[in-house]
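Undergrad: quick check, what structure comes out for this input:
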Amino acid sequence: CTMLAYYVKKNKYYFLPESAVAMLVGVLIGGIARLSLTDLTLFSFSPELFFFVLLPPIMFDAGYSLENTKGFFDNIGAIFLYAFGGTIISAFAVGWLAFVFAQNGLIGHVDQDNPMEALLFGALISAVDPVATLSIMGSPELQCDTLLYSLVFGESVLNDAVAIVLFKTFHKYYNQEVILDGSVIAAALFSFITMTVLSILVGVGLGLLVSYIYKHTSISEFPKLEASLLYLFCYLCYATAEVFGLS
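TA: Numbers count the residues shown, from 1 in each chain. Predicted coordinates for the structure are as follows:
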């Protein structure tokens, strides 16, 4: 994948982004494995591996690789509007459409009485990660508008967290015995807001703590320890939020 990404960048194949190359390699390897092997245990993918091994570095990289911080914070209002408002609207629109289609018999295997299952699906696919778009827009040859890039990148950084919180909120109230009324909707919205605020406070608090350590110690004289502490605190933010049921 790394070498293919190199050739894509070197030859300026804008029609084939690096993420698409990685997906094609995965499809090819998966197809070969499916056709040639009977035991696919080696290729199984557990949720624990994703949530505790792969996801934390991805989230850390999204924030750490933010180069144009001025453009990000100058447009923080619009970014928050797209990330929070857009993701919530997308989740509810997709969820209610799936629920209505299920009630009318257009799609199957979806609960026709409780809309929470459809809303779980909406939350699951509401966050769009425009890796290919950002890869093309970030190319120096194209000279893309910095405002547009900042908005798309900022929204893509935050919408994943919003979608995770939405999914956890809906899953909390996904119970066949729960009757969806005004009180349940109000409780779900309150849970979503509380989880979002507390998650931000956890990240900000631990970020301030590690900043204080870096500022008032001489750990920069030991680069290995400095880098290790940075990665440990990044994972600590994620682990702490998971312990308290946040995001």
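
Undergrad: the spatially most central residue of the chain sits in which helix or strand?
TA: What sits nearest the mean C-alpha location of the chain, by C-alpha atoms, centre = their mean, is Asp160, with 2.7 Å. Asp160 is located in helix 146-172, with elements delineated by DSSP states H and E.

Undergrad: what mean pLDDT does the helix or strand just after that helix get?
TA: Per DSSP H and E, the first helix or strand lying C-terminal to helix 146-172 is helix 182-216. For helix 182-216, mean pLDDT is 83.

Undergrad: mind giving me the packing neighbours of helix 182-216?
TA: The contact analysis (3 or more C-beta pairs under 8 Å, 6 or more residues apart in numbering; DSSP states H and E) places helix 182-216 against helix 146-172, helix 223-243. Using the backbone N, CA and C atoms, a C-beta is placed for each residue, glycine as well.

Undergrad: still on that earlier bit, tilt between the helix holding Asp160 and helix 182-216?
TA: 130 degrees (axes from the mean of the first three to the mean of the last three C-alpha atoms, to 10 degrees).

Undergrad: helix 146-172 - what's its average pLDDT?
TA: Averaging pLDDT along helix 146-172 gives 78.

Undergrad: columns distance to Phe60 on top of the helices and strands packed on helix 182-216, output as TSV?
TA: Shown next, in TSV, are the helices and strands packed on helix 182-216 (distance: least, C-beta to C-beta, whole Å):
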stretch	distance to Phe60
helix 146-172	11
helix 223-243	4
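
Undergrad: Gly105: which of these is closest?
TA: Proximity to Gly105 (C-beta to C-beta) singles out helix 146-172 among the helices and strands packed on helix 182-216, at 23.5 Å.

Undergrad: what packs against that closest one?
TA: Helices and strands touching helix 146-172, by 3+ C-beta pairs under 8 Å, 6+ apart, are helix 55-64, helix 69-74, helix 76-80, helix 87-103, helix 116-126, helix 131-137, helix 182-216.

Undergrad: could you list the buried residues of that helix?
TA: 149-170, 172 (16 or more other C-beta atoms under 10 Å).

Undergrad: the residue nearest to Tyr238 when sequence neighbours are not counted and Phe153, how far apart?
TA: Computed as C-beta to C-beta, 6 or more residues apart in numbering, the closest residue to Tyr238 that is not its neighbour in sequence is Pro56, at 4.5 Å. Pro56 sits 20 Å away from Phe153, going by C-beta to C-beta, to the nearest Å.

Undergrad: on that earlier part again, among the helices and strands packed on helix 146-172, which comes closest to Val110?
TA: Minimum separation from Val110 across the helices and strands packed on helix 146-172 (C-beta to C-beta) falls at helix 87-103, 3.8 Å.

Undergrad: touching the closest one from outside, list them.
TA: With contacts defined as C-beta atoms under 8 Å, 6 or more residues apart in numbering, helix 87-103 is touched by 107-108, 110-112, 115, 118-123, 125-127, 159, 162-163, 166.
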